[in-house]
Structures are given as structure tokens and as C-alpha cells.
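Q: Give the three-dimensional model of this entry:
(one chain, ligands or ions: 1)
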Amino acid sequence: MSSSDSQWWRDAVIYQVYPRSYADSDGDGVGDIPGIRARLAHLSALGVDAIWMSPWYPSPMADAGYDVADFRDIDPVFGSLAEAEALIEEAHAAGIRMIVDIVPNHISSEHPWFKAALADPEAKERDYFWFRPGRGDDGERMPTDWRGEFGGTTWTRTPDGSWYLHLFTPEQPDLNWDHPDVRAEFESILRFWFDRGVDGIRIDSAALLLKDPELPEVLEDSPHPFHDLDGVHDVYRSWRRIADSYGGDRALIGEVWMPEVERFANYLRPDELHAAFNFDFLGCAWDPRLMRDCVDRTLHAHAAVGAPATWVLSNHDVTRHVTRYGREDTTFSFDNNLDGTPVDLELGTRRARAAALLSLSLPGATYIYQGEELGLWENENIPPEEYQDPMWGRRGHSRDGCRVPLPWTGDEAPFGFTTATPWLPQPAEWKDRTAQAQTGDPSSMLELYRSAIALRRAEPGLHRGEMAWLDLTPSVLAFCRGQDFACVVNMSGAPVALPAHQSTLLASSPLDGDRLPPDTAVWLRMRT
Ligand code: NOJ
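A: The predicted structure is shown next:
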């Protein structure tokens with residue numbers, strides 16, 4: 001890719017592929033790499049700049065692949081390393097960069113390190129983890145009362161009576177990042193994938209790696225024992241040196257859940273990560289004032305460290321935004337609506353269309369979670385006995401509703417995803433949301449995304465153009481980019497007059513003359 005693409009991560013459109021659910025080629029009901037290769041043309045036609053691939057490594061799948069048993073190979077359910085290499089090559093030939101997902105906080109309990117550590121308390125691998133005696137005379141109480149990230153406790157007792165730490169499931173033991181072998185191993189893993197040509201690394205649970213070795217309890221007025229410890233920044237400085245040693249166009253993108261923007265921005269200092277996911281935007285309610293504050297907060301925090309903002313509406317962990325925006329409470333949630341909150345999918349879809357134009361025209365990089373371009377909603381009707389997510393049972397939530405396999409063709413499930421039964425059931429109503437049904441229909445979500453991404457590519461103001469708010473009415477979010485581009489989003493319940501402009505470039509829903517209907521966004525060419 002040419003040098004004009006340097007610092008591509010600053011304004012790229014990045015598409016998250018969740019490999020279990022993209023496309024199945026071998027009829028086992030689970031997506032795989034040959035399936036992705038066969039449907040790479042979908043991503044070329046969509047016009048994305050990069051793919052972020054959720055974990056595809058060998059894994060017992062206790063947490064859908066976020067429990068990695070070997071970072072240098074591919075799980076047979078997804079294919080082989082040779083197929084992964086072929087996909088990287090084919091994506092590059094199509095002008096699409098590749099980002100792989102690295103999970104450094106924990107590994108699978110089936111990883112050889114953990115097996116060695118369990119088998120022999122004297123093994124050197126024992127120190128790669130957090131093994132500790134229990135409290136009380138007979139060590140029966142776990143070493144701390146820390147709550148897990150999925151709810152529940154964070155320690156499991158081993159047959160020899162000691163306990164090991166896992167912030168997620170017992171099948172995901174936490175690594176000890178104070179140990180030099182752990183650091184060296186992950187540096188070598190980064191090189192392994194950079195040597196295979198990948199353009200970026202997504203870093204899972206990036207703020208959790210370091211733990212206070214004294215293992216204090218979590219107390220309100222004391223430093224947190226495992227979240228955002230200062231030492232974690234040394235890890236990312238060394239990773240940055242590795243990324244830079246590959247010529248400067250390899251990006252590190254952190255999953256950093258952090259309400260305090262200053263602490264968040266620390267990860268994006270010039271010698272650390274290139275970008276991090278903006279969950280503030282993902283969690284923001286459909287409200288013009290809150291949304292404007294969120295955009296300001298985000299841009300301000302990123303400008304302070306010279307990093308690009310990211311705009312994320314959905315991913316494999318949260319309720320799809322068509323569903324979120326169709327509820328009365330439009331803020332972020334993990335659950336699959338077990339309490340039966342009413343959802344207006346028509347309203348949610350309309351807002352999701354407007355949000356697409358918003359997220360694709362704010363300054364920075366935009367992330368698309370697979371299926372968002374098809375307008376998919378959360379499948380809230382998966383029978384609980386079919387849930388696969390380990391969060392179900394611990395926290396009473398399941399993330400499966402946003403992980404349902406994509407509908408490609410045809411009128412009935414499995415909609416061309418597989419020839420077998422898909423690993424999670426697809427709603428019958430998705431017959432209107434297949435890629436095939438939407439292609440060529442100018443009113444479809446898919447064609448809206450295709451047009452918006454094509455316009456974004458061609459529009460100079462949407463690359464590194466400065467942004468300035470246009471002050472219309474408080475119920476409207478409006479801003480200019482560059483010389484003469486503007487985006488206007490009506491988040492109120494009533495139509496509003498559009499500002500004076502030269503022409504309309506794209507509208508998320510039909511306009512009402514010169515008025516912008518509720519829950520609609522428009523891209524305008526302004527008069528200069
Ligand atoms: C964040 C990932 O996105 C999520 O899917 C996973 O369960 C946790 N990290 C643990 O790896």
C-alpha cells in the first residue's frame with residue numbers, strides 16, 4: 001500500500017470480522033477462513049480500509065476464542081495458518097489491511113504454560129501466573145474478594161490447595177506481567193504476526209495486565225489493584241518500539257474501557273498505542289446535547305496527545321445498536337433483553353442509519369461491526385439453553401444476541417451462511433436483511449453504507465479536515481469538515497430546517513423538502 005496511506009489508522013474505516021459468524025465454507029455451522037476468503041468481495045464492495053479479525057487461534061472456546069491456547073496457529077474450526085496467510089495476502093491485494101486480535105491479559109487453561117504450571121508447583125511456568133495460598137488456617141478462603149469482569153469470583157483452587165487468579169472465566173488464567181518471560185513471549189508473538197504482514201494489532205483488555213502484587217482489596221479511595229496500573233504503559237512502550245521497527249505503518253489499537261478521559265488518553269501518548277476504542281460514544285444516549293458533549297470530550301482528550309479518535313457503535317460484546325436505539329433507554333448495554341424491554345426496530349433502524357452518517361463523518365477512524373452494514377438487530381429470541389456465552393450464568397447476561405451468523409442470500413435461514421445448522425439461530429425476518437436482498441436497493445442499509453464510505457473516500461474534508469460545530473437548534477447536531485462539507489443530524493422528534501447549502505450529498509432517510517425529518521442525518525455541500 002502506497003506511502004500516501006501513511007498513518008492510515010488515523011482515518012480508516014475498519015470492519016470487525018467475528019470469524020465464527022461471517023461465513024461457513026465446510027458445513028459445520030461455524031464460520032471459517034475459507035468462508036471469509038470466499039466473501040472478501042463483500043468487503044471490497046463496501047469499501048473498508050481494514051479488517052480487524054477477532055481471535056482465530058487454537059482455543060477450547062470457553063470464551064469464543066478469547067481463551068487462546070496457541071498464538072502462533074489457527075484453530076482447525078477456522079482453518080489453517082496457510083489459509084490465514086492466504087487471506088492476509090488476498091486482503092492486501094484488494095487494498096484491505098489486516099488487524100489481528102491479541103489477548104495478553106490471560107491465556108487458555110489448555111495453553112502448555114498453564115498445564116505445566118498446574119502439573120508441578122515447582123515448574124518455572126508457575127510464576128507466569130498468579131498462584132497464591134488461600135486465606136484462613138486451612139487456606140480455604142480465596143486470596144482476595146475481587147469481583148470478576150464477568151461477575152462472580154476471580155480465584156479457582158487447584159488440587160494442591162493453592163489458588164490461581166482469573167479476572168474472566170476459570171478457563172482464562174491471568175498472566176503475570178511482572179515476569180520477563182511473559183513480556184518476551186508476547187513481543188515474539190507480535191513479531192510473528194507482523195512478519196506475516198499484518199498491519200495492526202487489536203489489544204484485548206489492554207488496561208488489566210498489571211496487578212498490585214500485594215493483592216489489596218478493591219476500595220473506593222485506594223488505587224485499583226488491577227485496573228489501569230501505571231506500569232502497564234511500559235508494556236505498550238516496548239510494543240510501540242516493535243511496531244515502529246517495521247517501518248512505521250503498523251498500528252496498535254487498544255481495548256481500553258475507561259471512564260476517565262485523561263487516564264484513557266495516557267494510552268495514546270506518542271510512544272504508546274496508536275488508537276483505542278471510544279466506548280464513550282458507543283454508550284452515549286440518542287440525545288443531541290449528550291452526543292455533542294461526548295464528541296467534544298473525545299476530540300479534546302485525543303488532541304491533547306495527538307492521537308486520532310475512534311467511533312464505534314457496536315461490537316461482539318454489546319447489544320447491537322439498531323436494538324439499543326429502538327429502546328426508550330438508548331444507552332449501552334451488554335444484555336440480550338432478558339427483561340423484555342420493548343424495542344421499536346423501525347425507529348432503531350432509522351437512528352442507526354443516521355448514526356452511520358454521523359460516525360463516518362466525525363474526525364478519526366470509524367469501526368463497523370460485521371452485520372451493522374446490513375442493519376442487523378440483536379437476536380433477543382435465542383432460547384437460553386442455546387446460549388454459548390460464558391457471561392450467561394455468571395452475570396445473567398448473554399452476548400450471543402449480537403454474535404448471530406450473517407445472512408447472505410435466500411429467503412430462509414441459514415441464509416447462505418452455512419449448509420448446516422448455524423451455531424446460533426438467525427431470525428426469520430432477516431430475509432429482508434441479506435446482502436443479496438439489499439444489493440442494488442438504494443433505500444437499503446447496505447447501499448447507504450456503500451455510498452457513505454465511497455463518498456468519504458472521495459471527500460477531502462473527511463480525511464484530515466478540521467471540524468467545527470454549526471450552531472443550529474439545540475436538537476440538532478451539525479458540523480463542518482474541511483472547506484465545504486457538513487453533516488447535520490436531527491435527534492429531535494420534529495422536522496428542522498436545513499442550513500443554507502449548495503447541494504445534498506447523501507441523506508440517511510428521504511428529506512421533507514428543505515426540512516430534515518426526525519432521526520435523520522444528511523451530508524451537505526455548503527456554499528463557500
Ligand atoms: C474483551 C473481549 O472483547 C471479550 O469478548 C472477551 O470476553 C474479554 N475481553 C475477555 O478476553
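Q: which ones are touching residue 141?
A: Going by Cβ atoms under 8 Å, 6 or more residues apart in numbering, residue 141 touches 134, 135. C-betas here are computed from N, CA, C, even on glycine.
Q: Over to the one 10 residues further on?
A: Taking Cβ under 8 Å, 6+ apart as the definition of contact, the neighbours of residue 151 are 391, 394, 395, 396.
Q: Which secondary structure element is home to the last one?
A: Same thing as residue 396. Using DSSP states H and E, residue 396 maps to neither a helix nor a strand.
Q: Pull up the per-residue confidence for it.
A: We have a pLDDT of 74 for residue 396.
Q: Over to the first one?
A: The pLDDT attached to residue 391 in the predicted structure is 85.
Q: Okay, the residue in the chain positioned nearest to the ligand and residue 279: tell me how far apart.
A: Relative to the ligand, the nearest point of the chain is residue 66 (3.4 Å; Cβ to the nearest ligand atom). According to Cβ to Cβ, to the nearest Å, residue 66 stands 17 Å off from residue 279.
Q: So for these two, which sits in the more crowded spot?
A: Ranked by neighbour count (other Cβ atoms under 10 Å), residue 66 and residue 279 place residue 66 first, with 24 against 20.
Q: Quick check, the more buried one in contact with residue 167.
A: No. Applying Cβ atoms under 8 Å, one finds residue 66 not in contact with residue 167, separated by 11.8 Å.
Q: that older thread, the residue of the chain closest to the ligand and residue 327, how far apart?
A: 27 Å.
Q: which residue ends up closest to the midpoint of this structure in space?
A: residue 315 (4.4 Å; Cα atoms, centre = their mean).
Q: Helix, strand, or coil at it?
A: coil (DSSP: H, G, I helix; E, B strand; the rest coil).
Q: need the contact list for it.
A: Residue 315 neighbours (Cβ under 8 Å, 6+ apart): 16, 277, 282, 367, 369, 402.
Q: where does residue 2 land on pLDDT?
A: We have a pLDDT of 41 for residue 2.
Q: I meant to write residue 441 there.
A: Confidence score, pLDDT, at residue 441: 98.
Q: Next, count neighbours for it.
A: So residue 441, with other Cβ under 10 Å, has 11 neighbours.
Q: Touching, residue 80 and residue 58? I think so.
A: No. Contact criterion Cβ under 8 Å: residue 80 and residue 58 do not qualify, at 10.8 Å.
Q: residues bridging contact with the two, i.e. touching both?
A: With Cβ under 8 Å, 6+ apart as the test, residue 80 and residue 58 both reach residue 74.
Q: quick one, which of these two is more surrounded?
A: More neighbours surround residue 58 than the other of residue 80 and residue 58, with 21 against 15 (other Cβ under 10 Å).
Q: quick one on the thing from earlier: kindly indicate which of the contacts of residue 151 lies nearest residue 422.
A: Closest to residue 422 out of the contacts of residue 151 is residue 391 (20.3 Å), distances taken as Cβ to Cβ.
Q: Correct me if wrong: the closest one contacts residue 399.
A: Yes. Here residue 391 reaches residue 399: they are 5.9 Å apart, a contact under Cβ under 8 Å.
Q: Confirm residue 323 sits in a helix?
A: Yes. Judged by three-state DSSP, residue 323 forms part of a helix.
Q: What is the three-state secondary structure of the residue nearest to it when sequence neighbours are not counted?
A: Leaving aside its sequence neighbours, residue 323 sits nearest to residue 378 (Cβ to Cβ, 6 or more residues apart in numbering; 4.0 Å). Look at residue 378: counting by three-state DSSP, its state is coil.
Q: what's the answer for residue 293, then?
A: Applying three-state DSSP: residue 293 is helix.
Q: ok, the most far-flung residue of the chain relative to its centre to residue 127 distance?
A: Largest separation from the mean C-alpha position in the chain: residue 137, at 44.5 Å (Cα atoms, centre = their mean). As judged by Cβ to Cβ, residue 137 and residue 127 stand 26 Å apart.
Q: cool, and residue 55?
A: 25 Å.
Q: Ok, residue 221 next?
A: Distance of residue 221 to residue 127, computed by Cβ to Cβ: 31 Å.
Q: Compare neighbour counts for those two and give me the winner.
A: residue 127 (14 against 4).
Q: Any idea how many residues pack against the closest residue to that one other than its chain neighbours?
A: Counting by Cβ to Cβ, 6+ apart, residue 127 lies nearest to residue 179, which is 5.6 Å off, once chain neighbours are set aside. For residue 179, the neighbour count with other Cβ under 10 Å is 15.
Q: and what of residue 317?
A: 18.
Q: Nearest residue to it in space, please, no chain neighbours.
A: Closest to residue 317 by Cβ to Cβ, 6+ apart is residue 399, at 5.5 Å.
Q: neighbours of that neighbour, just the number please.
A: Around residue 399 there are 24 residues (other Cβ under 10 Å).
Q: Equivalent analysis for residue 263, please.
A: 15.
Q: What sits closest to it if chain neighbours are left out?
A: The nearest residue in space to residue 263 (Cβ to Cβ, 6+ apart) is residue 228, at 5.8 Å.
Q: wait, doesn't that neighbour sit right on residue 207?
A: Yes. Applying Cβ under 8 Å, one finds residue 228 in contact with residue 207, separated by 4.7 Å.
Q: Mutual contacts of those two, please.
A: Joint contacts of residue 228 and residue 207 (Cβ under 8 Å, 6+ apart) are residue 258.
Q: and the chain, which residues reach the ligand?
A: Within reach of the ligand by Cβ under 6 Å from any ligand atom, the chain has these residues: 63, 66, 103, 168, 204, 205, 255, 316, 317.
Q: export these to TSV and tack on secondary structure?
A: As requested, these are exported to TSV (three-state DSSP):
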residue	secondary structure
63	coil
66	coil
103	coil
168	coil
204	coil
205	coil
255	coil
316	coil
317	coil
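Q: So which of the contacts of residue 315 are in helices?
A: Counting by DSSP state H, the part of the contacts of residue 315 found in helices is residue 282.
Q: Could you point out which residue ranges in the stretch 1-150 of the chain have low pLDDT?
A: 1-5 (pLDDT under 70).
Q: residue boundaries of the strands in it?
A: 13-17, 50-53, 97-102, 131-132 (DSSP state E, counting those that start in this stretch).
Q: closest to residue 500 out of these?
A: Nearest to residue 500, of all these, is strand 13-17, at 29.8 Å by Cβ to Cβ.
Q: mind listing what the closest one pairs with, with the direction of each?
A: strand 50-53 (parallel), strand 365-369 (parallel) (DSSP bridges).
Q: sorry, back to before: and the residue nearest to residue 263, what pLDDT?
A: For residue 228, pLDDT reads 97.
Q: Just the element for it, please.
A: Going by DSSP H and E, residue 228 is not part of any helix or strand.
Q: Next up, the contacts around it.
A: 207, 258, 263.
Q: May I ask which of those comes out lowest in pLDDT?
A: If you rank these by pLDDT, residue 258 sits at the bottom with 86.
Q: Quick check, it in contact with residue 207.
A: Yes. Contact criterion Cβ under 8 Å: residue 258 and residue 207 qualify, at 6.2 Å.
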